[in-house]
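*Asks:* show me how the following folds:
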Amino acid sequence: MFKRISRYWWCQILGWTAYAVVNLFFAYSFAGSLGSYFLINLLLIMFFGILATHVLRSIIKRLNWFQYSFESQMLLFFALTVSSGVIIYVGNTIAGNLYRYSWQQRALTDQTTLTFLLPIFLITSIWWLIYFVWHYIERSRNSQVDKLKLESTVKELELKTIKSQLNPHFIFNALNSIRALVDENPQRARTAITELSNILRSSMQVEKAETVNLENELDIVKDYLALETIRFEERLKVQYDIDPETLELPIPPMMLQTLVENAIKHGISRTINGGTVIIGSHVKDMQHQITIENTGQIGGEATTGHGFGLQSTRQRLSLLYGNKASFNIYNKNGETVEAIVLMPLF
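*Replies:* Model prediction:
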């Protein structure tokens with residue numbers, strides 16, 4: 001049953017109970033006894049206190065008071081303090097007269113009015129102060145939660161957008177490779193189509209994943225390189241330098257394939273005699289390091305890293321790992337280009 005009581009009503013009950021306990025304590029400490037008139041008066045204050053604050057709270061909630069300016073909210077605070085105090089005083093006076101003898105009955109305004117109202121205003125001001133501060137804190141916390149949710153949604157959408165751009169980019173290049181085979185070697189073209197379908201199936205499976213393990217990504221890369229080997233024949237040589245312990249480490253899906261594709265597009269394809277692509281994966285200084293080394297030299301967009309593949313690699317690393325990950329590509333020497341990706345292990 002207690003679980004059904006809202007936090008608001010728990011605050012009402014505990015707050016006015018605390019008010020009663022404090023009054024009972026001091027009344028008994030000074031007077032040594034508690035008269036029935038005092039107890040009835042205390043119960044009436046509690047009753048009309050709960051009634052006044054609850055009714056006024058319901059009214060201002062319908063008015064969406066938190067949409068008001070700060071100045072308007074300050075005026076509302078003083079109005080609520082005075083209004084609820086007056087309601088308590090009037091209710092207490094009228095209802096209390098029902099239990100009083102005629103000669104004990106109080107008028108709505110007499111010499112004791114101000115003496116009664118001042119402590120009531122103090123109590124109602126504390127009540128409304130707690131109410132306003134509570135809502136300010138709750139709204140601030142909700143704003144922070146909404147902001148985090150929004151940032152998470154934006155990040156997820158950015159990742160989906162980047163991934164959705166990768167597939168057409170990859171498919172276009174892979175189909176070009178297959179097209180070159182159709183007339184020259186139809187049997188190999190059919191095999192190549194099977195390899196492409198394997199790649200597309202793997203690509204669709206990772207569509208919803210933020211990361212995949214390196215082993216799965218390498219399977220896609222090997223299929224892709226098998227297609228490119230058809231096109232480049234002996235001009236393309238591939239070497240792997242993979243630490244087996246890194247095969248289970250997570251990496252962004254299609255990232256390695258994009259970098260290998262970039263190495264072939266800007267390196268091997270521009271060299272008359274072709275060259276070698278070396279794919280490495282190791283753990284160094286508590287970071288997962290992936291290297292793609294290829295024959296050739298970079299220039300233009302590749303130099304600045306503003307090409308689509310390189311730019312998307314940086315974006316995805318930044319979205320997934322923040323400043324804990326990095327990507328660099330540079331001319332290692334006069335004949336070789338090296339791309340290095342560093343990612344945190346955890």
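
*Asks:* can you pull the pLDDT of I230?
*Replies:* pLDDT, I230: 76.

*Asks:* that one is in what secondary structure piece?
*Replies:* helix 214-232 (DSSP states H and E).

*Asks:* give the buried residues for that helix.
*Replies:* 214, 216-218, 220-232 (16 or more other Cβ atoms under 10 Å). For glycine as for every other residue, the C-beta is placed from the backbone atoms N, C-alpha and C.

*Asks:* which strands and helices sit next to that helix?
*Replies:* Counting contacts by 3 or more Cβ pairs under 8 Å, 6 or more residues apart in numbering; DSSP states H and E, helix 214-232 packs against helix 113-184, helix 186-205, strand 236-242, strand 250-251, helix 255-266, strand 275-284.

*Asks:* quick one: the nearest residue to G334 once chain neighbours are set aside and N273, what's the gap?
*Replies:* Nearest-residue entry for G334: Q297, 7.5 Å, with adjacent residues in sequence omitted and distances by Cβ to Cβ, 6 or more residues apart in numbering. Going from Q297 to N273 by Cβ to Cβ, to the nearest Å gives 14 Å.

*Asks:* which of these two has more neighbours?
*Replies:* Neighbours of Q297 and N273, each counted by other Cβ atoms under 10 Å, are more numerous for Q297; the result is 17 against 8.

*Asks:* mind splitting this structure into its structural domains?
*Replies:* The chain breaks down by the TED database into domains covering 7-163, 168-344.

*Asks:* quick one on the thing from earlier: for the residue nearest to G334, give me its contacts.
*Replies:* By Cβ atoms under 8 Å, 6 or more residues apart in numbering, the contact list for Q297 reads 267, 331, 334-335, 337.

*Asks:* checking my notes, it in a strand, right?
*Replies:* No: counting by DSSP: H, G, I helix; E, B strand; the rest coil, Q297 is not part of a strand but coil.

*Asks:* list phi and psi for it.
*Replies:* Main-chain torsions, Q297, degrees, to the nearest 10: phi -140, psi 140.

*Asks:* what does V341 give?
*Replies:* According to degrees, to the nearest 10, V341 has phi -110, psi 130.

*Asks:* can you verify my assumption that it contacts L317?
*Replies:* Yes: using Cβ atoms under 8 Å, V341 is in contact with L317, at 7.1 Å.

*Asks:* residues shared between the contacts of the two?
*Replies:* Common contacts of V341 and L317, defined by Cβ under 8 Å, 6+ apart, comprise 255, 325-327.

*Asks:* distance of S326 from S281?
*Replies:* 16 Å.

*Asks:* quick one, which of the two is more surrounded?
*Replies:* With neighbours defined as other Cβ under 10 Å, S326 and S281 compare such that S281 has more, 24 against 14.

*Asks:* check contacts around the more buried one.
*Replies:* Taking Cβ under 8 Å, 6+ apart as the criterion, S281 is in contact with 214, 241-243, 246-247, 249, 288-291.

*Asks:* try it again with 7 Å
*Replies:* By Cβ atoms under 7 Å, 6 or more residues apart in numbering, S281 lies in contact with 214, 242-243, 246, 290.

*Asks:* tell me the angle the helix holding I230 makes with strand 236-242.
*Replies:* Orientation note: helix 214-232 sits at an angle of 170 degrees relative to strand 236-242 (axes from the mean of the first three to the mean of the last three Cα atoms, to 10 degrees).
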